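**Student:** how would this look folded up:
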Amino acid sequence: MYKRMFSFSDLGKESSFFWGPRQTGKSTLLKDIFPRSIKYDLLNSDQFHRLIANPSVFREEALAIKKNSGPIIVDEVQRIPILLNEVQWLMVNHNKQFILCGSSPRKIIRTGANLLGGRALRFELFPLVYPEIPDFDLFRALSHGMLPRHYMASKPAGMHRSYIGDYLKEEIAQEAISRNLHAFSGFLEAAAFSNGEIVNYSNIARDCGVSNYTVKEYFQILTDTLVGKFITSYQKRPKRRVIVAPKFYFFDLCIVNSLLNRKNIQFPSEVFGKAFEQFIFQELVAHRHYSDIHYNISYWRTASQIEVDFILGDNKVAIEVKGTNQVKSHHLNGLKAFMEEYKVKQAIVVSLDARPRLSGKINILPWQIFLKKLWGGELV
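**Tutor:** Okay, the predicted model is just below:
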């Protein structure tokens, strides 16, 4: 089992929602932390049908559970949102503690289900990150993705296809807006081609033969089900005219690789550069949550196409990701332009360079050193 960077010191002290995409390792982690806890798995057909037919049975059983057995775990809680009424009653009247685990908060949010009135903490688990994997292999990570089973597989292509298929079947098919699975499948492929790029709803709508509104709703489904994230444009007091449309990233490279039929990503190539940027993005997303700093991640691009990949916080750290083993002067243009407009604590190029270098005020860091600094708390 991997030793996760997720800090569980507060998990179980208070009732909590514990979200994360499928196969990130939520159930394995909870079993390890709370081996004595009673668990309700709502993917189990027997438990699902028993509780959806009579939710009050859940309350009666919970009252019979001894407190010293640990928090009560409900896995895939979004499948029966009405159980949250019973959870709140048990929390308020009997001080019961719960960990409400799931892969998609969309149904709970969209149906206006009980979110426990702010009484529950929120945690999230992400795919594996660099410091969690002994003998980390960058090329394996880029080709396989960072879900635990996928990273370790010798041939992950079948797992990738199954993951996409299960997602379409179990998550998307249940959404009334996406009954046209053929159109949605086309959208997923178009979104994969746009991964890490500025989103152009009109172009994607034209490619998929659907309306702009439908494309926006499809993206909303992906974000609600934790399959992807938008990052916004950095627009604080710009001197130059900047692009304002957001960028979109899938939560893990396994999704993109499967949709685009990419198998072994090799250096050097354009595909490698895009995958390398996505990998750094995944590390940043996990770090901001696990560190409990929750800094904003944005990007900066001017109308003249000068760009910085990631801005952390309030222009505290500016990061450019380059899939090259020798950063050259023209690779620094985006950071230099950004530093002309904003005071930056650290400006960094992450690359495959053999050794760290300093070019003026810009640090050129090999990716391993960058990630050690990030997870060591030296950047933000």
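**Student:** quick one: residue 320 from residue 326, how far?
**Tutor:** Taking C-beta to C-beta, to the nearest Å as the measure, residue 320 falls 14 Å from residue 326. Every C-beta, even on glycine, is put in place using the N, C-alpha and C of the backbone.
**Student:** which of those two has more neighbours?
**Tutor:** Between residue 320 and residue 326, residue 320 has the larger neighbour count (other C-beta atoms under 10 Å), namely 23 against 12.
**Student:** doesn't that one lie inside a strand?
**Tutor:** Yes: the assignment for residue 320 (DSSP: H, G, I helix; E, B strand; the rest coil) places it in a strand.
**Student:** how about the residue nearest to it when sequence neighbours are not counted, secondary structure?
**Tutor:** Closest residue in space to residue 320, ignoring its immediate chain neighbours: residue 349 at 4.9 Å, by C-beta to C-beta, 6 or more residues apart in numbering. At residue 349, secondary structure determined by three-state DSSP is strand.
**Student:** and the pLDDT at residue 349?
**Tutor:** With respect to pLDDT, residue 349 scores 98.
**Student:** got a list of what it touches?
**Tutor:** 319, 320, 321, 322, 327, 331, 332, 335, 362, 363, 364, 365 (C-beta atoms under 8 Å, 6 or more residues apart in numbering).
**Student:** pick the one among the residues you listed closest to residue 263.
**Tutor:** residue 321 (22.2 Å; C-beta to C-beta).
**Student:** measure the closest residue to residue 153 other than its chain neighbours to residue 192 for me?
**Tutor:** Leaving aside its chain neighbours, residue 153 sits nearest to residue 159 (5.7 Å; criterion: C-beta to C-beta, 6+ apart). Using C-beta to C-beta, residue 159 is found at 17 Å from residue 192.
**Student:** related to what we said a few turns ago, tell me what the residue nearest to residue 320 is bridged to.
**Tutor:** On the basis of DSSP bridges, residue 349 is bridged to residue 320, residue 364.
**Student:** quick check: it vs residue 339, distance?
**Tutor:** Distance, residue 349 to residue 339, by C-beta to C-beta: 12 Å.
**Student:** next secondary structure element downstream of the helix or strand bottoming out on mean pLDDT in the chain?
**Tutor:** Every helix and strand in the chain was compared by mean pLDDT, DSSP states H and E; the lowest is helix 106-110, with a mean of 73. Downstream of helix 106-110, the next assigned helix or strand under DSSP states H and E is strand 121-124.
**Student:** next helix or strand past that following strand?
**Tutor:** Heading C-terminal from strand 121-124 (DSSP H and E), you reach helix 138-144.
**Student:** show me what that next one is packed up against.
**Tutor:** On a contact count with 3 or more C-beta pairs under 8 Å, 6 or more residues apart in numbering; DSSP states H and E, helix 138-144 meets helix 148-152, helix 253-259, helix 270-290.
**Student:** list the contacts for residue 90?
**Tutor:** 59, 62, 63, 96, 98.
**Student:** pLDDT on whatever helix or strand it lives in, on average?
**Tutor:** Here residue 90, judged by DSSP H and E, is contained in helix 83-94. Taken as a whole, helix 83-94 carries a mean pLDDT of 92.
**Student:** now do the buried residues in it.
**Tutor:** Under the neighbour-count criterion of 16 or more other C-beta atoms under 10 Å, helix 83-94 has 83, 84, 85, 86, 87, 88, 90, 91 buried.
**Student:** so which of the residues you listed comes closest to residue 9?
**Tutor:** residue 91 (20.4 Å).
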